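Peer 1: What follows is a predicted structure for the sequence shown.
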Amino acid sequence: MQARLNVFREALTQYRDERYQAFTQTVATTNEGAQFSINMGIMIGAILIGLLAANGYWVATSITRNIKQVSGNLQEIASSEGDPTRRLKTGSQDEIGQLAEHFNTFMDKLQSIIQDLRCGPLSSTLPNLTTQGVRNQKYLSEQ
């Protein structure tokens, strides 16, 4: 009976050691897989952050470039002694391009109004009004 008990203990110990070794191997394989997944997630995250940063830089640069272009054009128009024929250059279809288009439309209307004033019925009476205004000012200053 003792011999059978020893054989059973030995078989049980061997079974326990095999199961422990299989468990340890499974844990090690799982840890390797988890570490691979973590490393892959970090790498994908870093790539995505890089792509987002590059995209953000590109968007910011294009917006800034368009704003600087419109600002430069407006500065040229402002320094051209009020020339109503000057227009903004529109090269984009974004909001800045729409702003330039609307400004050009406004300038077209303003130029039309100025032209109407130059050629309209008031244009012949304007010199007379100016002369009358000068006379009135002389008269008032003499008194």
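Peer 2: Done, it's in. All values reported here derive from a predicted model rather than from experimental measurement.
Peer 1: Quick check: the gap between residue 105 and residue 99.
Peer 2: 11 Å (CB to CB, to the nearest Å). All C-beta atoms are positioned from the backbone trio N, CA, C, and that covers glycine.
Peer 1: With neighbour numbers in mind, choose between the two.
Peer 2: Legend: neighbour count by other CB atoms under 10 Å for residue 105 and residue 99, higher for residue 99 (15 against 11).
Peer 1: Quick check: which element contains the residue lying closest to residue 85 once chain neighbours are set aside?
Peer 2: Residue nearest to residue 85 in three dimensions, not counting chain neighbours: residue 111, with 6.6 Å by CB to CB, 6 or more residues apart in numbering. Using DSSP states H and E, residue 111 sits within helix 95-119.
Peer 1: Quick check, residue 74 in contact with residue 89.
Peer 2: No. Assessed by CB atoms under 8 Å, residue 74 is found out of contact with residue 89, at 10.9 Å.
Peer 1: Quickly find the element holding residue 76.
Peer 2: Once you assign secondary structure using DSSP H and E, residue 76 falls within helix 2-78.
Peer 1: Run the angle between that helix and helix 95-119 for me.
Peer 2: 10 degrees (axes from the mean of the first three to the mean of the last three CA atoms, to 10 degrees).
Peer 1: what's the distance between the residue nearest to residue 85 and residue 99?
Peer 2: From residue 111 to residue 99 the distance is 19 Å (CB to CB).
Peer 1: returning to what we had before: burial check on the residue nearest to residue 85, number of neighbours?
Peer 2: 15.
Peer 1: what about the chain, any weak spots by pLDDT?
Peer 2: 82, 120-129, 143 (pLDDT under 70).
Peer 1: rerun that using 80 as the cut-off
Peer 2: Applying pLDDT under 80 to the chain flags the ranges 80-85, 89-92, 117-143.
Peer 1: With residue 56 as the reference, measure out to residue 49.
Peer 2: 10 Å.
Peer 1: next one: residue 101
Peer 2: For residue 101, the distance to residue 56 - CB to CB - is 27 Å.
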